[in-house]
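A.B. asks: kindly generate the corresponding structure for this input.
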Amino acid sequence: MTTATQQHVLDLPNAFSDLDTLISFLRNARSQPVEIDCSKASIIPSRCLQVLLGAEQQWRSEGLEFSVINVTAGARRALSLMGLEPSRFQDEETA
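C.D. replies: Next comes the predicted model:
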């Protein structure tokens, strides 16, 4: 039986945006493949990046798909400023 990918749109208009909806989504999507759409994230603040990287590691350790798609240019700049490759969450939709 194939489990449907759970999708979440990460809406972060600024660095101080609340992460409760992301955290709640991840808790409810445990043991299922997930896709985080960052098209509405003008930036990825460090606390959000910590959540995404931790979740990615957890999902992959369980053999589940974890993807971050549609990463905006502003979010890529933020990744670079935090010492990560701007293409850290590269996908075919933004390549």
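A.B. asks: of all the residues in the helix or strand hosting Thr21, which ones are buried?
C.D. replies: Per DSSP states H and E, Thr21 falls inside helix 20-28. Neighbour-count burial for helix 20-28 flags Leu22, Phe25, Leu26 (criterion: 16 or more other C-beta atoms under 10 Å). For every residue, glycine as well, the C-beta is placed using N, CA and C.
A.B. asks: go on, stretch 61-74?
C.D. replies: Leu64, Phe66, Ser67, Val68, Ile69, Asn70, Val71, Thr72.
A.B. asks: for stretch 54-62, same thing?
C.D. replies: Here stretch 54-62 shows Ala55, Glu56, Trp59 as buried, counting by 16+ other C-beta under 10 Å.
A.B. asks: secondary structure and pLDDT added to those residues, as CSV?
C.D. replies: As requested, the buried residues of stretch 54-62 are exported to CSV (DSSP: H, G, I helix; E, B strand; the rest coil; pLDDT from 0 to 100):
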residue, secondary structure, pLDDT
Ala55, helix, 95
Glu56, helix, 93
Trp59, helix, 95
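A.B. asks: and the residues you listed as JSON lines, adding distance to Thr5?
C.D. replies: Formatted as JSON lines, these follow (distance: C-beta to C-beta, whole Å):
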{"residue": "Ala55", "distance to Thr5": "14"}
{"residue": "Glu56", "distance to Thr5": "14"}
{"residue": "Trp59", "distance to Thr5": "11"}
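A.B. asks: need the helix or strand of the protein with the lowest average pLDDT.
C.D. replies: Lowest mean confidence among the helices and strands of the chain (mean pLDDT, DSSP states H and E): helix 73-81, at a mean of 89.
A.B. asks: can I get the CA coordinates of that helix in PDB?
C.D. replies: Taking Å, rounded to 0.1, in the frame of the first residue of the first chain, the C-alpha atoms of helix 73-81 are listed here in PDB:
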ATOM      1  CA  ALA A  73      15.600  33.400  -4.100                       C
ATOM      2  CA  GLY A  74      15.300  35.200  -0.800                       C
ATOM      3  CA  ALA A  75      15.200  31.900   1.000                       C
ATOM      4  CA  ARG A  76      18.300  30.700  -0.900                       C
ATOM      5  CA  ARG A  77      20.200  33.800   0.100                       C
ATOM      6  CA  ALA A  78      19.300  33.100   3.700                       C
ATOM      7  CA  LEU A  79      20.600  29.500   3.400                       C
ATOM      8  CA  SER A  80      23.900  30.900   2.000                       C
ATOM      9  CA  LEU A  81      24.200  33.400   4.900                       C
END
